[in-house]
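Peer 1: With the sequence up front, the predicted model follows.
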Amino acid sequence: MTTTYTSYKLITADLSKSLERVAKQPDVERETEYYLSKIGDVKSIDEFFADSRLYNYAIKAHGLEDMGYAKAFMRKVLTEGIDNEDAFAKKLTDNRYSELVESLNFARNGTAATSFDKAQKGVADKYARQTLEQNAGEENSGVRLALYFERMAPSITSGYGLLADEALAQVVRTVMQLPDEFAASDIDKQVATIEKSIDIADFKDPAKLGKFMERFAALWELSNSSDPYDPLAVFGSSSGYGISSDLLLSINKLKLGGL
């Protein structure tokens, strides 16, 4: 059985080729062709939500597949945009919602929102990356954690940002060899412990981040040699992420189901 470290290195040694292979999978290729052929004709949020294939593709691309049912919630995210600090997406600690708005910014760009490269090829690239990580997780959840951390960590600026995402926090606890009980301790103390041991600015350096991920892969393998770890506990049902309690509270304040 291939180790976590070996699998991670095989994927990242030539990431562009790994992504190309994923993009050529029949199901991925089929959905991507549909998305790229249709999205440019969408001129409004209503039209976007009216096509379930476009909607499902876009939210999966941004790691939000487990939120597909919450269309009223997602509509509010897209309708309010991110230009105003009071916008709904800006109030959510999870930055995936702001990233979705950046890709399909109807609030800022109106009918031209889908004409930009970020709304077309940009989303397709994100979809391939999400699928790559999901595929890796089917074989080894540690590899999926490593790939996800590698993608997300450069945007993190503090220990609070790491702890706000359980998948990122899991990687950090593994590298620091912290006991499970650590996650239940005072949040400020957790942050202080992490920031004392890790220079978060290093995550912006690809070489330093790579070394960090190699250490994680090796330590993960030692603790999970048979990989009994349940990825659903961290990643959620299918998208790659769990739903935080504050997000569930926000959802419950809206009329869900929608279109």
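Peer 2: It's in. Computed from a predicted model, the values in this text were never measured in an experiment.

Peer 1: buried stuff in stretch 110-120?
Peer 2: Buried positions in stretch 110-120, judged by neighbour count with 16 or more other CB atoms under 10 Å: 113-114, 116, 118-120. C-beta here means a position set from N, CA and C on the backbone, and glycine is covered the same way.

Peer 1: Which residues does it contact?
Peer 2: For stretch 110-120, contacts defined as CB atoms under 8 Å, 6 or more residues apart in numbering pick out 36, 39-44, 48, 102-106, 109, 122.

Peer 1: Can you check those residues and name whichever has the most neighbours?
Peer 2: Highest neighbour count within these, by other CB atoms under 10 Å: L104, with 24 neighbours.

Peer 1: re the thing from before, of the buried residues of stretch 110-120, which is the nearest to R21?
Peer 2: Checking the buried residues of stretch 110-120 against R21 with CB to CB, the nearest one is Q120 at 21.3 Å.

Peer 1: sorry, back to before: the buried residues of stretch 110-120 into JSON lines, with extra columns for secondary structure and distance to A217?
Peer 2: Formatted as JSON lines, those follow (DSSP: H, G, I helix; E, B strand; the rest coil; distance: CB to CB, whole Å):
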{"residue": "A113", "secondary structure": "helix", "distance to A217": "39"}
{"residue": "T114", "secondary structure": "helix", "distance to A217": "38"}
{"residue": "F116", "secondary structure": "coil", "distance to A217": "36"}
{"residue": "K118", "secondary structure": "helix", "distance to A217": "31"}
{"residue": "A119", "secondary structure": "helix", "distance to A217": "34"}
{"residue": "Q120", "secondary structure": "coil", "distance to A217": "34"}
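
Peer 1: Which members of the contacts of stretch 110-120 define the maximum pairwise distance?
Peer 2: Across the contacts of stretch 110-120 (CB to CB), the longest gap, 20.6 Å, separates D41 and E102.

Peer 1: How is the residue most central in space within the chain assigned, secondary-structure-wise?
Peer 2: In the chain, the residue lying closest to the centroid (CA atoms, centre = their mean) is G63, at 4.3 Å. Look at G63: counting by DSSP: H, G, I helix; E, B strand; the rest coil, its state is coil.

Peer 1: What distance do you get for it to Y127?
Peer 2: Distance of G63 to Y127, given as CB to CB, to the nearest Å: 10 Å.

Peer 1: got any ranges where the stretch 101-250 of the chain has weak pLDDT?
Peer 2: Low-confidence segments of the stretch 101-250 of the chain, defined by pLDDT under 70: 225-250.

Peer 1: just so I have it, where are all the helices in the stretch 101-250 of the chain?
Peer 2: 106-109, 121-139, 141-152, 159-163, 166-175, 187-197, 206-223, 232-235, 245-252 (DSSP state H, counting those that start in this stretch).

Peer 1: separation between A87 and E47?
Peer 2: For A87, the distance to E47 - CB to CB - is 21 Å.
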